[in-house]
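> Sharing a model prediction with you, sequence too.
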Amino acid sequence: MKSIIIKSILCFAIFIAFASCSDKIQVELDQRRKTLTFSVYFRNNPISANTLDNEANRFSVIGSILPAITYNFKF
Amino acid sequence: MKSIIKKSILCFSIFVAFASCSDKIQVELDQKGKTLTVDAFLNNLRQDQTIRLTYTDSYFSGKTPPALLGAVVQVKDVTTNKTYDFSDNRDGNYIYNISTTDTIIFTNHVYQLNIKYNNYEYSASTNCKRTTKIDSVFFEYKESENIFGSNSKAGNILHLNASDVNGPIPDFYWIKIYKNGKFYGRPENIQIPSFGNNNEYDGFFFIDNIWLTSGPDGPVDPCFLGDKARLEICGISNEAYNFLNLGQKMSNNSGLFATTPVNLPTNIFPIDKNYPKVVGLFNVGDVAFKELICP
């Protein structure tokens, strides 16, 4: 029983690690960048008192190519 | 021995799969043309009604968007056929002054917003949405605690006792919280309860510990002796609900499941299809409020 649970968790972890999107944006990004180990998101700075203080963040998931949000920016 | 190796591999796999980091980066965005932005949320409170017109600005500018001056702004009560002219305050705000005993907003009346500037003309139409009755608000002392890394301070938390209005139409609300007269309007403070697009939860109660979810800085800013807390429940339209909901998601976007930024929907349209488009929203709604001084 324990072995099944361990195997299930392992499979899930591997699935998460290698899960990827295959929509149009993803394909475009794939063509533009060699690596997809990071993605970009935009938000209002949560620690700033100024509600107009927006920021861009690069989000990297090590060992995964799961992009949270993808956009065609030049870095 | 094998078991230990398996477990080690499993732990390592999980660590690798979920390890992540986030860095602030500089992104160069293309400069687009300026677009008119309309902030027209009117209510039935006995106070001056304001419509704010500005131009859009760069996402990363961090400055107050430039004001639009010299526009002609009118709101028409279609139900009674009365027109209200808003005067230009020369700071982007267009104000209709009313006395403390008067109002121009009445429940279920249909209102039309007309804006003219630079030979362009825009129009929006909506009806005044009802709000609910606040049965009571009260304070509860809460000890400090650490929930999922969020350290809450010990202090008094405002509780709300109110329920959705029973009725045939779905209702949407915007709960606003003020502490000592200051409105807390950060994206995470926006609280927009709904009770189902098809009235699935008609008549249900609001979340009672509203201070923790939409209060000033959430759980870290409770009230103390003498603090004045004010809670407003504003009736909003379905369009306004979608607008705020999406805006909040855009502003609080973060992490692995962040969503792609999109333009917010609008209910303001140009009279002529060749006119430039506008962004923003026109909403008219009733407001119920309660104020309480912390004992």
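It's in.
> next structured bit after the lowest-mean-pLDDT helix or strand in chain A?
Here the helix or strand of chain A ranked lowest by mean pLDDT, DSSP states H and E is helix A:24-32, holding a mean of 46. Counting by DSSP states H and E, the next helix or strand C-terminal to helix A:24-32 is strand A:38-44.
> Quick check: which ranges of chain B have low pLDDT?
Residue ranges of chain B with pLDDT under 70: B:1, B:14-20, B:146-151, B:213-220, B:256.
> Domain ranges for it, per the record?
Taking automatic domain parsing as the criterion, chain B consists of the domains B:36-129+B:265-285, B:134-256+B:287-293.
> what's the closest of those domains to chain A?
Comparison of the domains of chain B against chain A by Cβ to the nearest Cβ identifies domain B:134-256+B:287-293 as nearest, at 4.4 Å. Glycine gets a C-beta too; all of them are placed from N, C-alpha and C.
> sorry, back to before: go through the domains of chain B and name the closest to B:I4.
Smallest distance to B:I4 across those (Cβ to Cβ): 30.7 Å, for domain B:134-256+B:287-293.
> and that closest one, does that touch chain A?
Yes: Domain B:134-256+B:287-293 lies within reach of chain A by Cβ under 8 Å from any Cβ of the partner chain, at B:G185, B:R186, B:P187, B:E188, B:M250, B:S251, B:N252, B:N253, B:S254, B:G255, B:L256.
> From B:P265, how far out is B:T83?
Distance of B:T83 to B:P265, given as Cβ to Cβ, to the nearest Å: 27 Å.
> should've said B:R230
29 Å.
> More neighbours: those two, which one.
For B:R230 versus B:P265, the count of surrounding residues by other Cβ atoms under 10 Å in any protein chain shown is larger for B:R230: 18 against 13.
> How about the contacts made by the more buried one?
In this structure, B:R230 makes contact with B:I177, B:Y178, B:K179, B:G181, B:F289, B:K290, B:E291, B:L292, judged by Cβ atoms under 8 Å, 6 or more residues apart in numbering or on different chains.
> which residues pair with it across the strands?
B:Y178, B:E291 (DSSP bridges).
> pLDDT weak spots in chain A?
A:1, A:11-38, A:61-75.
> Please verify my assumption that B:P168 contacts B:G203.
No: with contact defined as Cβ atoms under 8 Å, B:P168 does not reach B:G203; the gap is 12.0 Å.
> Fine by me, we can end here.
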